[in-house]
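In: Quick one, structure for this:
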Amino acid sequence: MFFSRTEDYIQRFLLQRNIHKPYDLTIKNIASSLDIPVYYWEYSSECVYVNERCLIFLNSNRSEQKQWQEFGHEIAHFLWHTGRQEFLPPTFIELQEWQANYFSYHLCIPTFMLQRIKTKITPKYVMNLFNVEYEFACKRLEMYRNKWLASI
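Out: Predicted structure coming up:
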């Protein structure tokens, strides 16, 4: 199975940061490797720029799994997008949000790590291994399966 550009990018990104296994995938590991402070607050999660420095804010009321998933989304904005969305046309904002969601699925459950799993891959197993919510694991496995089916 070939890797998409996103999968290649994420694999390189993680391996450059010495993140090789699912238990290495943490907010702390990734944020510290990028020198991005993460703050927890009661509002929605977002990536903000203050004096050209990125700050990530995560909702403190969410589960650890949801915070991890939202972190993946916000990191995508930091790595792939520039500027402030409020000045963009609505269709461009939709595109950026779609890209950030797609990125989040692949960062939180990287393809190269999925390929290493030797046991039967189930949503519950993936949920526990990668510390994500059940629905998130289901969606990511659907993406993985569809890609695998398309390649054969």
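In: Contacts only, for residue 109.
Out: By Cβ atoms under 8 Å, 6 or more residues apart in numbering, residue 109 lies in contact with 126, 130, 132, 136-137, 140. Where C-beta positions appear, they are placed from N, C-alpha and C, glycine not excepted.
In: next one: residue 140
Out: With contacts defined as Cβ under 8 Å, 6+ apart, residue 140 is in contact with 105-106, 108-109, 126, 132.
In: Now render those residues as CSV, adding distance to residue 92, secondary structure and pLDDT.
Out: Compiled in CSV, the contacts of residue 140 are given as follows (distance: Cβ to Cβ, whole Å; DSSP: H, G, I helix; E, B strand; the rest coil; pLDDT from 0 to 100):
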residue, distance to residue 92, secondary structure, pLDDT
105, 21, helix, 98
106, 21, helix, 98
108, 24, helix, 98
109, 27, coil, 98
126, 32, helix, 98
132, 28, coil, 98
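In: So which residues make contact with stretch 115-124?
Out: Residues contacting stretch 115-124 (Cβ under 8 Å, 6+ apart): 1, 114, 125, 129, 134, 137-138, 141.
In: No further questions, thank you.
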